[in-house]
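*Asks:* Mind looking at a prediction? Sequence and model below.
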Amino acid sequence: MEILVCARRVPDTSENEIALNSAGNDIERDELVYSINEPDNYAVEEALQIVARVGGSVTVVTVGSEDDEEILRREMAMGASHGVLLSDDAFIGSDGRGIAAILKSFVAKGNYDLILTGVQAEDGAAQVGGMLAAMLDYPFASLVNSIEVLDARKLKIGREIEGGNREINEIDLPCVLSIQTGINEPRYVGMRGIRAVASVPIPTHAASDLGLDPGTVGDAGAKVKRVDYFVPVLGKGAEMLSGSREENIDKLVELMAAKGGLN
Amino acid sequence: MPRIFAYVVHKGGVADDSAAELLAAACKIDPTGSVTAVVTGFGPNLDRVCESLRASFGEVWKIANQSLDYPNAELIRKALVKVLPSGCLVLIPHDHFGIDLAPGLAVKLNGAFVSDVPDVNGSEGSNLKVVRQEFGGQLSAHVCCDISSGAVITVRPGAFKPAGNNPVVGLVVDKSFDVGPLSAGRRYLETVVAEAGDVDITRQHVLVSIGRGIQEKNNIGIAQELADVLGAAVSCSRPVVDAKWLEKSRQVGSSGKTVKPKVYLACGISGAFQHLAGIKGNPFIVAINKNPKAPIFQVADIGIVDDLLEFLPELTNKIREMQSVSAK
Amino acid sequence: MESSAALSELTSSLESGRALFLAIHVLGTLTFSYVVWRRLLPLLHAERDCRFDRPFARLGKLAKFWFGQWKHPRYRTAGILHILIFTGFILLVIRSFSLLAGVSENGGVVGVSGTASHPYNVITDYAATVVFLCMLFAIVRRLVFQPARYAVPERYGKARTADAIFLLALIAVLMAADGMFSAAEAAGHLKAGQPAEALAVLSLPRVMQIILASASLPALGKLCFASYLLHEVTFYFLLCYRPFGIQFHVETSLFNVYFSKLERGTVKPVRWGMSEGTLDQIKSFGVKTFEDFTWKHMLDFYSCADCGRCSDNCPANAAGRPLSPRFLSIKARDYAFQHYPMFGKAGNGKPLIGNLFSEDQIWSCTTCGACEEECPLLVEYIDKIVDLRRGLIDDGNVPQSLQKPLKALESRGNPYGKMEKKRADWRSAKEFQQTCRVRVVDKNGACTLYFVDSITSYDDRMQSIARSTARVLDHVGENFGILGAAERDSGHEVRRFGEETLFEALRDHNSEAIKASGVKRIVTADPHALNALKHDYKDAPPVEHISQVIARDVKVGLIKFQPVANTNDVYTYHDPCYLGRHNQVYEDPRQVLDAIPGLKRVEMARSRDRSFCCGGGGLMLFYEPKEDERMGVKRVRMAADAGANVIVTACPFCMVNIEDAIKVAGLEGKMTVIDLAELADRQMLRPASPTAATSS
């Protein structure tokens, strides 16, 4: 089975402090460390496990610049056979739909049975997978937390819905799935593995290679644009108890008793 | 301003709370226009829902089709594309169903797409101004959305408070015949219900809820002791389940359980909206967290900046003391 | 009867048996050679190991640990028993071989003759007696007293008591046969009116001789023949049987001790003989199959005597983790026996993890070194665990709980993922900054580097150790500085958890920073950093632990202490593994404590090189083991048992684990823990004001 995973390089949420830059139009990026978007990593691990069972290969693609090659290399160190970069100045400023259109033009050039994305990235939009599927006219399922290959043309998948329940669906190939974290336990990628792929050439495609009209993507084609970032003015919020620990406990117990929390 | 549609989710013949929230959001986007509800499904349940929506929506578009009995996003999208006029605005709740349906719908309707919107700031020409959150809620962004060819917008659950509009008497319009037979490359098989754990957190009046701040599995005993003296149960947020420290049945959140306690102690929980989405009924929320900037302090009633690993045992002791005094 | 004729009655059967005896010699020797050859086969295909250097140091170890049986008395009864048996064996070696070499024409034993022979024979008579009695004692001990450490828990297999007793009995038989031969020969000679060997008084052969006094000459002749034959057969049987079990250590122990590791605290390189730059060429890191072990490690497996002393002292084992070092060796040995049989093809190349060992077993080890400290045969464990972990890392088979800190170490140089620029924030604490300025080193600056390392830099609680250490150094006028944001994790646990490449990156970064700073020496309060800088880093300046600095300064009077405030407190010192066992610093911290007036100090039952690991440091803090009771909790109870209510540690990881354990054990309020630097800082006599300083 030929599997394509669409991945993205994002500021690592756990190892960074996200703060506004002085201009207020972006986050402070000077000392950020970046890594692959966590759900995308789960998607690559799932893809690797599937090809280990049924054969095939895994390709990881990202839309960005040379900086983004590092995540492609990391996933190749993990076991993906190919990494592809889609890069062009015309792509800068794309909204979700633009990204999906760029990816779609790449998919159209290939012959992939299964396309995976992470369920969402740091912007919490959760959009590219669904859009890509609609553009390709492939069936789509989001929040996938289990995949079983039924045969060369069908999968049985589980989706995460409310209450911890799972919605089981049958889906035809080729299809697009967005993968939820926790679907598997991704293998560790050691520094040695990363060093080994440090100089592997990464094929890069520009707009012309993909047959894309630059006017439909990038800032030119974007319908949704971020104007700025801001720290929301804190509303009333919680009443903060500011005494010593003992005082706080006494006050808290009083309040809880009043609210019926203590029998 | 284009026509606004609100997609209504329903179960067992009852419309979901999100319908009222979508209505509130629509009113904020276009205070003067009227909102059309669009509902898909089959049979008497669908009819019941449509009837109930007449009290709040000017028009209720009903799409009845046997294959839509179980809400399959692939099929519903095809149905909506046949029925909705071009250039309209569609509001959908941002939950597991909305995530499934909305992005593809936006592409097929050729409109813009913006998701998980907690607030709207009016419009400027053909641009709708909304707010979005990024980085797990650490930052907000002002976003501009060109709605000249329509848009699909998913709305953050719980963000728009139902406005309590003047009641209307709406019209139910049957659009089923515009749809015809439906098929899709995805078929619903069944729903696997989560294993019932040893404790049903949805029935508890008091919950001691733990998050990443508990740091390791061995510390859960600290929370359990507090729960014991309170006659409460221990629940948790997603990271605790992902780390396999507690079973899934203890998780509170959009992908976990929905709870309606009287008192909710959020210990070491940052307050990501997916977690808060599982807390209903407006309980008394106490937040204990080492990080004074944690988003949970926005929604809590009482906030304490402290290390839960030290605070909880002392709280437990204090309550025990009080109970032994009152027992005498 | 003429004496010579009578004598020939005695010796005739022996004479007639010559051909048989010769045949047994040849058969036995050939069989033994074949068996040893088959046992050597896997070693010939194993990874290389550099053990041929420094012969004098190795001979010294041989003298102390093999010949001197240095470690044996740590378990008194078994130790004394073994020393007796070992001494007996050594003494009897010459006799055994001369006995085998043949019987001379007149029935005497060739080999030892002349004036030397009689005293030698007396010695060997007693030696055989002692060995014989020891065998009986050992059998009774095994059957009746059943020391706990020999027991085999169900998941590790079946007990091997029967086999052990069988071998003990055979040795007893060997001694008895030897004694019988001497006795029969002497009795026979006496009967025949010939001069006879005077057997030592109260020795086994002597006792037998007395019993045989009334036997007839032909009977004695037959007895000579029979006992000689029995001796020879038993000897060769044992010789050929030993390589099939734990008794192989009789042959391999000499080599195992000679080739044992010379340095403490080090970790073997990924491949001996390959420089770091060439490591990229290796396809596979670490040990994944049996054949990936080095020949010395395989020899370790052969040499394990199944005595259980290692597991008896292993803290992971005591805590109920799935790790028991003894069974690591025995299982690997059994694997070798099974897959390299006497006849037939070698069944090699099977993955170890999942078949022989489980991942949890391998991740459970805190590398405390208690097992290696205890083993009388100097079997090595830490290098094997590290090699197995290297294999797991290479395959990406790492628990999720460890992946996060490893990733953080890679991107931020510390396992917490905190920003580099905040590494030195501990010195900005308001009150501290007013009394003590800590500089970041630069080229023209300090001559001493205070290497803080990650936990002390970033953990809210441990930062107080950094502040105390800085205050102490300041007080004694040390010209010191820190690396600040340029410092990265020392990489000590990164290396011991098998991520060698990441360790090299951290080490190289730190080494460059240290070099650029121009410091002449390093001081640290973190024993893991101490060990890394001393043993893992090449060409680092000399490094000391803060306890050594304080002890020395106390001795020369640079530091004076005021009396403790509460004289009812009872203190006990907990030896951190990487300060104590691995770096042999035991007395300095104790001297510091004893220099504090009014401080009452007790020793725990397990102290110094028998100290009990607190639970481990570095990456081990992130690992989630399956265990019955935390190591730290056990240690805290040991302190309480010793009558102490204050535990003094000298390692931030010990501090974390013990503080935690006090809560878990429910001893809050009854037991406290303090770091040695913090204690010294608290008790140090400081000049009250500048004028006071100048007047004193």
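*Replies:* All right, it came through fine. These numbers were taken from a predicted model, which means no experiment stands behind them.

*Asks:* From C:A661, how far off is the residue most central in space within chain B?
*Replies:* For chain B, the residue lying nearest the average C-alpha position, counting by Cα atoms, centre = their mean, turns out to be B:P157 (3.7 Å). Using Cβ to Cβ, to the nearest Å, one gets 44 Å for the distance from B:P157 to C:A661. C-betas here are computed from N, CA, C, even on glycine.

*Asks:* And for residue 218, the neighbour number?
*Replies:* If you meant another chain, say so; for now it's chain A. Residues contacting A:G218 under the criterion other Cβ atoms under 10 Å in any protein chain shown number 20.

*Asks:* The chain in question should be chain C.
*Replies:* Neighbour number of C:P218 under other Cβ under 10 Å is 13.

*Asks:* Kindly report the same for the one 5 residues further on.
*Replies:* Applying other Cβ under 10 Å, we find 22 residues neighbouring C:L223.

*Asks:* Also B:G197?
*Replies:* When neighbours are counted by other Cβ under 10 Å, B:G197 registers 16.

*Asks:* quick one: contacts of stretch A:75-84?
*Replies:* Contacts made with stretch A:75-84 from outside it, assessed by Cβ atoms under 8 Å, 6 or more residues apart in numbering or on different chains, are listed as A:5, A:7, A:36, A:41, A:44-45, A:47-48, A:57-62, A:69, A:72-73, A:106, A:186-187, A:189-190, A:193-194, A:196-197, A:200, A:202-205, C:396.

*Asks:* how long is that stretch from one end to the other?
*Replies:* Here the two ends of stretch A:75-84 are set 11 Å apart, with distance taken as Cα to Cα, to the nearest Å.

*Asks:* mind giving me the domain split of chain B?
*Replies:* Here the domain assignment for chain B is B:4-178, B:201-327, based on automatic domain parsing.

*Asks:* re the thing from before, selection in ChimeraX covering whichever of the contacts of stretch A:75-84 are buried, please.
*Replies:* Selecting only the buried members of the contacts of stretch A:75-84 in ChimeraX, with burial defined as 16 or more other Cβ atoms under 10 Å in any protein chain shown, works like this:
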select /A:5,7,36,41,44,45,47,48,58,59,60,61,62,69,72,73,106,186,187,189,190,193,194,197,202,205 /C:396
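
*Asks:* Among the contacts of stretch A:75-84, which lie within strands?
*Replies:* Taking DSSP state E, the ones among those that sit in strands are A:V5, A:I36, A:S57, A:V58, A:T59, A:V60, A:V61, A:T62, A:T204, A:H205.

*Asks:* now, which of those sits nearest chain C?
*Replies:* Comparing those against chain C with Cβ to the nearest Cβ places A:I36 closest, at 10.7 Å.

*Asks:* part of a strand, is A:L85?
*Replies:* Yes. A:L85 forms part of a strand when assessed by DSSP: H, G, I helix; E, B strand; the rest coil.

*Asks:* Now do the contacts for it.
*Replies:* The contact partners of A:L85, taken as Cβ under 8 Å, 6+ apart, are A:V61, A:T62, A:G64, A:E66, A:D68, A:E69, A:L72, A:I202, A:P203, A:T204, A:H205.

*Asks:* Need the pLDDT of the fifth one.
*Replies:* Think A:D68. According to the per-residue confidence, A:D68 scores 96 in pLDDT.

*Asks:* again, but for the second one
*Replies:* pLDDT, the model's per-residue confidence, is 97 for A:T62.

*Asks:* Listing request: residues of the stretch 101-250 of chain C with sub-threshold pLDDT.
*Replies:* C:101-116 (pLDDT under 70).

*Asks:* what do you get for chain C?
*Replies:* C:1-4, C:6-7, C:9-10, C:99-116, C:444, C:688-696.

*Asks:* Kindly report the same for chain B.
*Replies:* For chain B, the ranges with pLDDT under 70 are B:165, B:328.

*Asks:* CSV for the ones in strands among the contacts of stretch A:75-84, including distance to B:S183?
*Replies:* Compiled in CSV, the ones in strands among the contacts of stretch A:75-84 are given as follows (distance: Cβ to Cβ, whole Å):
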residue, distance to B:S183
A:V5, 28
A:I36, 36
A:S57, 31
A:V58, 31
A:T59, 30
A:V60, 33
A:V61, 30
A:T62, 34
A:T204, 39
A:H205, 35
